[in-house]
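Undergrad: Dropping a prediction and its sequence here:
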Amino acid sequence: MDEATFQAHAATLGVVLGDAQVERLWVLAERLVRWNRAVRLVGDARWETLIRLHLLDSLAASRQLRPEPGERVLDMGTGGGLPALPLAILYPEVEIWAVDSDRRKCAFVKTTAAALGLPRVKAVAARLEGRPDAEGLPGVEWVVSRAYRPLPHFLEAAWSYARRGGQAVALVGPAVLGPDGGKNRQGGVPAGEASTVPGWQLEAVDRYRLPGGDEQRGLLRYRRVSRETPP
């Protein structure tokens, strides 16, 4: 896939990229391929797979994750900086905290953010045990995850880091979303009814297919509420 095709595919998802942003994403992809030989950042680092299934999918989070300048985003279980680094390229005025328990992956995120000129990316090695002060993490307006934990466990963990009224966006596949509007089960909780998880209210179910293939993906967006608030 060349840069023009990538740009067109992103536009199909509603993501408008400038040429400079595409160039940065290409540098990110090249670094992912190179580092993946020593540190398992992604499962499949073949170029086409990396571009479509990782970078495009990460950018698609912006369909529901739309922070204002100066707000903070926490990427839980960032791995190879996905979706943190693509989102940082898309939203350069937003502070993005990329957290993973693997220090080698955090080193990749930190050095890559520096190479890409993304000073608002903060890479932190932490286990995300629900103690933001002890872990050196701030309260954030947005929490996002691609594959951190099964959905209910992600929401349970995210509650401790999101500010009151903050939002969480989960990038999910067909096993969660399903053909029935998002009511298949993952981890024992139906995704379409996950607002019953204490402290979260489901606000949006956004289904899409990745351009250049037929993979079904989805975004589930929640708003943080009081844990005493009935769904």
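TA: Perfect, I can see it now. Numbers count the residues shown, from 1 in each chain.

Undergrad: Which helix or strand lies directly C-terminal to the helix or strand of the chain at the bottom of the mean pLDDT ranking?
TA: Every helix and strand of the chain was ranked by mean pLDDT, DSSP states H and E. The lowest is strand 189-190, at a mean of 44. Using DSSP states H and E, the next helix or strand after strand 189-190 towards the C-terminus is strand 200-209.

Undergrad: what about Gly14, how many neighbours?
TA: For Gly14, the neighbour count with other Cβ atoms under 10 Å is 12. Just so you know, the C-beta spots here come from the backbone N, C-alpha and C atoms, and that holds for glycine as well.

Undergrad: Contacts only, for it.
TA: By Cβ atoms under 8 Å, 6 or more residues apart in numbering, the contact list for Gly14 reads Ser62, Arg63.

Undergrad: Try it again at 7 Å.
TA: Arg63 (Cβ atoms under 7 Å, 6 or more residues apart in numbering).

Undergrad: Report pLDDT for it.
TA: The confidence metric pLDDT takes the value 97 at Gly14.

Undergrad: That one: which element?
TA: Applying DSSP H and E, one finds Gly14 in no helix or strand.

Undergrad: gap between it and Glu48?
TA: 22 Å (Cβ to Cβ, to the nearest Å).

Undergrad: what does Val121 give?
TA: 26 Å.

Undergrad: Between those two, which has more neighbouring residues?
TA: Val121 (26 against 11).

Undergrad: For that one, what are phi and psi?
TA: Dihedral angles of Val121 (phi, psi; degrees, to the nearest 10) stand at phi -90, psi 130.

Undergrad: And for the one 5 residues further on?
TA: For Ala126, the backbone dihedrals are phi -160, psi 160 (criterion: degrees, to the nearest 10).

Undergrad: The closest residue to it other than its chain neighbours - how many residues pack around it?
TA: Spatially, and ignoring its direct neighbours in sequence, Ala126 is nearest to Glu135 (4.3 Å; Cβ to Cβ, 6 or more residues apart in numbering). Residues near Glu135, counting by other Cβ under 10 Å, number 16.

Undergrad: do you know how far Glu135 is from Lys105?
TA: Glu135 sits 16 Å away from Lys105, taking Cβ to Cβ as the criterion.

Undergrad: next one: Arg223
TA: From Arg223 to Lys105 the distance is 29 Å (Cβ to Cβ).

Undergrad: So which of these two has more stuff around it?
TA: Relative neighbour count places Lys105 above the other of Arg223 and Lys105, with 23 against 17, counting by other Cβ under 10 Å.

Undergrad: can you pull the buried residues of the lengthiest helix in the chain?
TA: In the chain, assigned by DSSP state H, the helix with the most residues is helix 19-35. Within helix 19-35, the residues that count as buried by 16 or more other Cβ atoms under 10 Å are Gln21, Val22, Arg24, Leu25, Leu28, Ala29, Arg31, Leu32, Trp35.
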